[in-house]
Every structure is written in structure tokens, then in C-alpha cells.
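Student: What follows is a predicted structure for the sequence shown.
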Amino acid sequence: MVRLLPLLSLLAVATAPCALRAQEADEGIPALGPRFLVATRAARRVPVDVARTPILSQRISLDLEGVTLEAALSAVSSKAGLHLMYSSALVPLSRPVRLRAEDISVAGALAELLVETDVDMLFSGGDQVALVPRSLVGETGTIRGTVTDATNAGPLAGVAVLLIGTQLAATTGPDGQYIIPAVPPGPYRLRARRLGYAPRDTTIVVLDGQEAVADVRLTASAVELQAVVAVGYGEQSKATLTGAVSAVSGQELKSVPAVNLSNTMSGRLPGVVTINRSGEPGYDGATIRIRGNHTLNDNGALLVIDGVPDRVGGLERLDPSDIENISVLKDASAAIYGSRAANGVILITTKRGSGSAPELTASFNQGMNQPTRLPQMADAATYLTMLNEIGAYRNQAPHYSATEIQQYRDHADPWMYPNTDWFAAVIKPMSLQNVGHVSLRGSADRLGYYLSLGSQNEDGYYRNSATRYAQYTFRSNIDGQVSNHLRLRFDVTGRLENRNFPTRSAGSIFRELMRGKPNLPAYWPNGKPGPDIEYGDNPVVIATPATGYDKDDRYYLQGNLGGDWEVPGVSGLTVHANVGLSDARHERRPRAAGRHAWLQHAATQPVRPAVHQ
């Protein structure tokens, strides 16, 4: 016998042309023939579907003429691998049947044979299928209802209504009404969804032979519709927009666990290319190009944040949680900004007050970073063997004997025969980053507000790393309706960027890791750092604060005061004014420590401690 797939798999009734009289064509549910049901732990009978189950959707050939129903069921079960269970007291097994078909599904054959028996097929587990009178299974119920728009209460046509976990579904008509017939008794989760509206779920209980009513109200989803996008002169409906404009919501950017905002835009805006040349914390920003390079000099796009162009600090360190949306203007869409828009325009709109009740939101996430790929370097024994081979090509005697090379391979004496993996000694398996954000958003009477605090921290790849980045931000966006014609807004945002680096650049440290000899120790067995690789530098030391640090602090304070005045008596005419102020301060405090005794010359041999008997 072929075992049935797990009962949790959904099965669909697939019928051949000769079994059409036993099937309901519109809903895929038996009308006169048997119902295919699954017994659950909650004593529910759930409709199943054989379309995804080979054992019931497989095609067979039958030539049954003048045989009893029992013999016909035995032939079908033998060919399909089903274990059918039935009783002559409940099923008319002696009734003669006739069925000839060259290519029919197993479900279609069973439906044709049992079309007039008033029995259902109940899958109870394993490969067992019981034929049960429909009166014992229970009558099915019906679900009906109306789907309307939550805004204007108008009916919605073309809404897909389905019962989660089953194949039972329906679509609303022009009047917004739907009906799902032949629903087995039990509780269900009903879902209604339509393009441009947020999906809505509701719980409903169907009783034997009764009708349940579930009316649903759908709310328009701005994220799905993207009905309005920011353009150079305000906002415009996307349906009537003719210029080359791309937009992405702040919620989508927030879903990317990146500390730098420029790295979250990759692949989300058509025509926008981002190139990241460094992953060092604090200097991991991506270069942004809109439709490639256009000029021989600066190819950067014009950045406009809340109506103010060329904000000091750029977009890299903006908090994605504070962003409402980002729009990119290309071609003639950016012409309103003049020659500065030759390479395109990036418009960033931050969040503002909305709704009525205050909405407090807090989020925190922590991630782990690690290098995408590190080179695999030779160990000490391989390195020394290669040196001997190079000497042999020059007709020189081997520099290292086979015994010495074996000592390095065995790592028997870490003082005299070290075997160092420089990348493992300096680079830790993973570094941590965390992002926290809390905001308060709402409105009251004629006042709207959005207040937020945020922090970001990112550690470097080095062990006991001197490289790290920390950022702390605050934002206050206030809107006030002064009169029926005048609306004012006042925004203040501040940001502290704290960068800390070693006294050597990342390029110098990685260069020394590549040049480090595996037969020299990173650390002596007593825990002291080993000799230098070159120029008095040992990467296990210079990547830490032991030799000093380079501290780089940047402070930004930005304000924005604006207003909109609707000219009385002139419909559609609005005067828009905006004043932006920025203050930036940069403090860099390098500090180099003195030379240490452990920065010996590479040729210096270690002195092994004496052993007293």
C-alpha cells in the first residue's frame, strides 16, 4: 500500500470528464457524490483537496462491467494504494456498477462509483480511508456576508474571501456580497483581501446545517497603493504622475538591519545604484548614483530633506525609523531644482504628527557582522616548505630541515616553533551592532507632533577593537494650524556621531595581516605580544587601543521653520515658505601611546625561560 501524505496536507478533488456529474464545477466540492474530508483532533471535518497529493490525483484506467460496488472499490484501492474501510451495513456493496475509463483520476473514479450512495470519504490517518454515511458526518453549513469600504461604507467587488487552511473560497460580486457553501461545521479563520486594501481576518463558527454571516470592512492601505509620492513642488497622485519618479517607504527601509541608511536603498529604487567600498564602522557609506554618471566632476545627486537642499551631514546617518518616504526624481522631474539637479534629486520626508490619540513606539534590534570572506593563508610548515622549494630553484641548500618543519607542524614547542594564523589572531568571529529607537506620534486639536530618540552602536572586527561607531539622535517635528488659512511647522533635529579608530588605518592593518609570517608568534606563550611584522608594528597590538586611538566626534544641530498660507479668495493658490538652519562641529583628538618593549625586531629570537630542577 502506498501511504497517504500527512493529513495536514491539503487535498483537492480532481475529476475526469466521466465523473463530472459527481462534482460541483464552480467550487470543486462534490454535489451529488461523496465529500472528501479529513478528521481533526477537534472533531471537525475539514474539506480536502487532491490536486497536490499524487495518491489521489494519479491517473488510472478502469474497465468495470457488471461488477458489484465492493469489487469495483477493491479494484480502485488496489491500483491507487488506498486502504478503504467500509461496512456492508452502511454501504450498499452488492449494488452493481459500471465504469469504463482510459484516463481518470482516483478521486474521480471514487466519486463516480459512490455518486448515489450518500456516503462521504473520511481520511483518518496513515493510508486509511473510511466510507461513512453522510448522516453520521453531519450537515454542512454556509458562510455569507458583505465586504465594504471602511471609509465610505460602499460595497467592494472582486474581494477574495477564503477560509485559512482550506480550499474553500469565494469572490464578492458588484454588490460586495459573497457566499461560501458546503462548509463543514467548526470554527474557521476567514480572510478578505483586495489589491489596495489591507487584508482583514475574522473568526467565525459554522454550525450543522446553519448559515453564518461575516461582514468585513476593509481599510485602504497607503503602503500598497503608494497613491501619493513627493515631487519637487509638493505631492502628486501616482496614478496621474507622468515624470520619472521612484519612491520607497520608510517602513520598507526600516526592515533592513543596516546602520547606514545609504546601504538600505540598494535594489529598492529603480535607476538607483549604490556602491559600497568599505565596511569599516563609521566609514561604511555607499556611493549613490542615479542612472549612472552624467558629468566629468561631481556625479552626486542633490539631497533635499524636508524641503531643505544640501543638508549638512547628508542622508547616511539619518534614522530609518524617522523617515516617512524617500522619492528619487529623474530626468525632467528634477528640473525645478535647476542645474544642481543634473544628477537627479533625492527627496526625504520625515514623519510628522498624525491620528488623534498619542502613539508610543519602541524598537530594538541587535545583529552580528562578520567578514564576507577572508583569505586562507599557509600554515608554518607549508610556508617553510615553500621557502625550501624557492631555495632549491636557486641551487641553495634547504634553510629548514625536515625535523624542524615537523616541529612547526606538530606545534610541540610554542616558544621555538610557533604556528600563527594572523587573521584568526586579530579578527574575531563576529562583531555586534545594535539599534534602538523610541518615538511618540499624535495630534491634538490644531497641533500635531512627532518626537523621537535613537541610538546606534557598531563594533569593529578586531579583537579588543579600537574601532567602533556610536550615534545618538533626537528629532522634534511640530505642526500647528494657526488659522483656517495659515499652517506653521517647526522642526529640530540633533545628532552626535562618535567614531573611534586605531592609530593605523584599516588598510595598513590588513596589509600586515597578509604579510605576517606564520612561523612568528602573535603572542608569546606567557601572553605578551610577539615581535613586529614591519615598521615596529604588530597587528594584534595596533588594532587595539594599546598604541593609542584616533577619536572623531561630529555634532549636528538642524532646524527648519516653514509655513503654508492659502490665499483667501483665490482657490488653489498657496504660498509656501521655508527657512532652514544648520550647525555642525567637528572634533578630532588623536592620541598615540609610546613605544612598548614588546615591539622587538622580527629577527630577535625569544629567550626561553630557565627551568629549575
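Tutor: Looks like it came in fine. Numbers count the residues shown, from 1 in each chain.
Student: Name the nearest residue to Asp459, ignoring sequence neighbours.
Tutor: Distances taken as C-beta to C-beta, 6 or more residues apart in numbering put Ser431 closest to Asp459, at 4.3 Å, once the chain neighbours are dropped. Quick note: C-beta positions are derived from backbone N, CA and C, even for glycine.
Student: List the residue ranges of the chain that fall below the pLDDT cut-off.
Tutor: Across the chain, the ranges flagged by pLDDT under 70 are 1-33, 38-55, 124-128, 134-139, 221-244, 355-356, 593-613.
Student: Okay, domains of it per the record?
Tutor: For the chain, automatic domain parsing gives the domain ranges 17-137, 141-222, 226-350, 380-418, 432-592.
Student: Please point out which parts of the shortest one sit buried.
Tutor: When neighbours are counted by 16 or more other C-beta atoms under 10 Å, the buried residues of domain 380-418 are found to be 380-381, 383-385, 387-388, 400, 404-405, 407-409, 417-418.
Student: which of these lies closest to Leu573?
Tutor: Tyr383 (78.5 Å; C-beta to C-beta).
Student: what's next to the longest helix along the chain, contact-wise?
Tutor: Using DSSP state H to define each element, the chain has its longest helix at helix 380-393. Residues outside helix 380-393 that contact it (C-beta atoms under 8 Å, 6 or more residues apart in numbering): 378, 397-400, 404-406, 408-409, 417-420, 517-519.
Student: rerun that using 10 Å as the cut-off
Tutor: Defining contact as C-beta atoms under 10 Å, 6 or more residues apart in numbering, one finds that helix 380-393 is touched by 377-379, 396-402, 404-411, 417-421, 517-520.
Student: Equivalent analysis for stretch 500-508, please.
Tutor: Contacts of stretch 500-508 (C-beta under 10 Å, 6+ apart): 278-283, 460-462, 465-470, 509, 511-512, 534-535, 537, 539, 541-553, 590-593.
Student: quick one on the thing from earlier: export the domains of the chain as JSON lines, with columns for distance to Thr361.
Tutor: Putting those into JSON lines (distance: least, C-beta to C-beta, whole Å) gives the following:
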{"stretch": "domain 17-137", "distance to Thr361": "37"}
{"stretch": "domain 141-222", "distance to Thr361": "17"}
{"stretch": "domain 226-350", "distance to Thr361": "8"}
{"stretch": "domain 380-418", "distance to Thr361": "54"}
{"stretch": "domain 432-592", "distance to Thr361": "5"}
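Student: Of all the ones you listed, which one is nearest Thr372?
Tutor: Among the domains of the chain, the nearest to Thr372 by C-beta to C-beta is domain 226-350 (8.4 Å).
Student: what sits against the residue nearest in space to the middle of the chain?
Tutor: Nearest residue to the geometric centre of the chain (C-alpha atoms, centre = their mean): Ser255, 6.2 Å. The contact partners of Ser255, by C-beta under 10 Å, 6+ apart, come to 249, 264, 320.
Student: Counting neighbours, which of those residues comes out on top?
Tutor: Thr264 (23 neighbours; other C-beta atoms under 10 Å).
Student: quick one, what contacts that one?
Tutor: For Thr264, the contacting residues are 248, 250, 252-258, 274, 286, 320, 323, 326, by C-beta under 10 Å, 6+ apart.
Student: ok, it to Ser74 distance?
Tutor: To Ser74, Thr264 is 64 Å away according to C-beta to C-beta, to the nearest Å.
Student: Specify the local secondary structure of Ser508.
Tutor: For Ser508, the assignment made with DSSP: H, G, I helix; E, B strand; the rest coil gives helix.
Student: if we can go back for a sec, select, out of the domains of the chain, the one closest to Glu359.
Tutor: Evaluated over the domains of the chain, closeness to Glu359 peaks at domain 432-592, with 4.8 Å, by C-beta to C-beta.
Student: chain center to that closest one: distance?
Tutor: 24 Å (C-alpha atoms, centre = their mean, to the nearest Å).
Student: gap between the two ends of it?
Tutor: Terminal residues of domain 432-592 lie 26 Å apart, using C-alpha to C-alpha, to the nearest Å.
Student: thinking again about what came up before, which two in the buried residues of domain 380-418 are spaced the farthest apart?
Tutor: Spanning the widest gap among the buried residues of domain 380-418 are Asn388 and Pro418, at 18.3 Å by C-beta to C-beta.
Student: so when I look at Glu252, I'm seeing a helix, right?
Tutor: Yes: under three-state DSSP, Glu252 falls within a helix.
Student: Skipping its backbone neighbours, what lies nearest it in space?
Tutor: Nearest non-adjacent residue to Glu252, counting by C-beta to C-beta, 6+ apart: Arg268, 6.5 Å away.
Student: So that neighbour sits against Ile326, correct?
Tutor: Yes: using C-beta atoms under 10 Å, Arg268 is in contact with Ile326, at 8.8 Å.
Student: hey, what's in contact with both of these two?
Tutor: 246-249, 252-253.
Student: Mind putting the residues you listed into TSV with distance to Gly108?
Tutor: As requested, those are exported to TSV (distance: C-beta to C-beta, whole Å):
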residue	distance to Gly108
Ser246	50
Ala247	50
Val248	49
Ser249	48
Glu252	46
Leu253	51
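Student: Would you list the buried entries among these?
Tutor: Taking 16+ other C-beta under 10 Å as the criterion, what is buried in the shared contacts of Arg268 and Ile326 is 246-249, 252-253.
Student: buried stuff in stretch 109-129?
Tutor: 109-115, 117, 119-123, 127, 129.
Student: tally of neighbours for the closest residue to Leu218 other than its chain neighbours?
Tutor: Using C-beta to C-beta, 6+ apart and skipping residues adjacent in sequence, the residue nearest Leu218 is Tyr197, 4.1 Å away. Residues near Tyr197, counting by other C-beta under 10 Å, number 20.
Student: how near is Tyr197 to Thr382?
Tutor: Note on Tyr197: its distance to Thr382, by C-beta to C-beta, is 64 Å.
Student: For Gly580, give me the backbone phi and psi.
Tutor: phi -120, psi 140 (degrees, to the nearest 10).
Student: For the nearest residue to it once chain neighbours are set aside, which residues are in contact?
Tutor: With sequence-adjacent residues excluded and distances taken as C-beta to C-beta, 6+ apart, Gly580 is closest to Val308, at 3.6 Å. The contact partners of Val308, taken as C-beta under 10 Å, 6+ apart, are 348, 491, 558-560, 562, 578-582.
Student: distance of the closest residue to Val76 other than its chain neighbours from Pro502?
Tutor: In space, and not counting its chain neighbours, Val76 is closest to Ala109: 5.3 Å by C-beta to C-beta, 6+ apart. Counting by C-beta to C-beta, the gap from Ala109 to Pro502 is 76 Å.
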